[in-house]
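Novice: model this:
(one chain, ligands or ions: 1)
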Amino acid sequence: MEMRREGRDNLVVLKLGGSVITEKERYKTPNVDSIDRLAKEIADAGVKRLMIVHGGGSYGHPLAEQYKIKEGYREASQIEGLSKTHQAMLELNKLVVEALICHNIAAFSVTPSSCVVTKAGRIETFYDDALQILLNTEFVPVLFGDTVLDTEIGFTILSGDQLVVALVAKFNANRLVFGVDVGGLYTADPKTDTSAQLISHTTFEELKRTLHNIRGSDTTDVTGGMAGKILELTNIANADIQAIIVNATKEGNIYKALKGEEVVGTSIRKE
Ligand code: ADP
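Specialist: Got it, this is the predicted structure:
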């Protein structure tokens, strides 16, 4: 408990969207330029206590969808799909961690399926001892949306978005940065609706009220796109944190968001 309070002021959790670090439409294709640029921005920002979670993009999603991993165990043929999906995520994680290490960040891969068990898709058990020590030793843990074991449905997908929100709550982070491929949260999907307006400031309570008005992602995404992120965020409505959604494909945005500087995007606070 004490250890958590000590770090209260400066823990930042960063989620790098799968659509930012991979070519979403091309199976298992990383966006190496984007990964390298982001690693540099993260290094330049120099946040002392940082946790990173990345999404699956074209590594995790196509396989997860093909084998219907999120729905849980239905038939034996899904078993090989679970292994393949998990392995694809490990491959992507390796690229992200290597890029971070290249930029002199003490990145340390932590596999969610080894420390999280879900119940009907929601985190039930979280063995956080290793993460706690990593953070206190100033490593940068790097986790990802993963295939996990589930006490009710056998297995499922733990989205990076559910994971970051759980990490924020567990480790009392004071800032959560979502790096996505659009400018923030809009009134509608900016990719399909040209009249969509950027919501630059909002509150968690407001998100709860407007959730039903926000349209979901139009891309194939088992974890539900922007609507999924917003839904997860409403679980920390009482936390005294700032969540920021920025376009991570634009150079400098992740640097600014990590530093706490003014940045174009959506800022969400308690009030
Ligand atoms: P990531 O893979 O980066 O985590 P997702 O693809 O899951 O991101 O979710 C982000 C996507 O959600 C955006 O690319 C956008 O097309 C879509 N989206 C749907 N509705 C909205 C909205 N109201 N505001 C912003 N983005 C939206």
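Novice: Leaving out the residues flanking it, which one is nearest to the residue in the chain that the ligand sits nearest to?
Specialist: Proximity to the ligand, evaluated over the chain using Cβ to the nearest ligand atom, is greatest for Gly17 at 1.8 Å. Where you see a C-beta, it was placed from the backbone N, CA and C, and this is true even at glycine. Leaving aside its sequence neighbours, Gly17 sits nearest to Val180 (Cβ to Cβ, 6 or more residues apart in numbering; 4.5 Å).
Novice: Please apply the same query to Phe204.
Specialist: Take Phe204 and drop its neighbours on the chain: the residue closest to it by Cβ to Cβ, 6+ apart is Ala237, 3.8 Å away.
Novice: Please apply the same query to Leu231.
Specialist: Nearest one to Leu231, counting by Cβ to Cβ, 6+ apart, is Leu211 at 6.6 Å.
Novice: Quick one: residues contacting that neighbour.
Specialist: Contacts for Leu211 were tallied using Cβ atoms under 8 Å, 6 or more residues apart in numbering; they are 227, 230-231, 234.
Novice: which among these gets closest to Gly145?
Specialist: Leu231 (14.9 Å; Cβ to Cβ).
Novice: Are we agreed that that closest one is in a helix?
Specialist: Yes: residue assignment for Leu231, taken from DSSP: H, G, I helix; E, B strand; the rest coil, places it within a helix.
Novice: Looking at the contacts of Leu211, state which has the most neighbours.
Specialist: Ranked by neighbour count (other Cβ atoms under 10 Å), the contacts of Leu211 have Ile230 at the top, with 24 neighbours.
Novice: now Arg74, nearest residue through space, not along the chain?
Specialist: Arg74 sits nearest to Lys68 (Cβ to Cβ, 6+ apart), 6.7 Å away.
Novice: And the one you found, its phi and psi?
Specialist: phi 50, psi 50 (degrees, to the nearest 10).
Novice: Hmm, Ile268 and the residue nearest to Phe204 touching each other?
Specialist: No: at 9.8 Å, Ala237 and Ile268 do not qualify as touching, with contact defined as Cβ atoms under 8 Å.
Novice: Show me where this protein dips below the pLDDT cut-off.
Specialist: Counting by pLDDT under 70, the chain shows low-confidence ranges at 1-9, 212-224.
Novice: and with 90 instead?
Specialist: 1-10, 24, 187-189, 191-193, 195-196, 205-225, 227, 237-239, 271 (pLDDT under 90).
Novice: can you give me the helices in it?
Specialist: Applying DSSP state H to the chain gives helices spanning 2-6, 18-21, 32-45, 57-66, 78-102, 112-115, 129-136, 160-170, 204-210, 225-233, 253-259.
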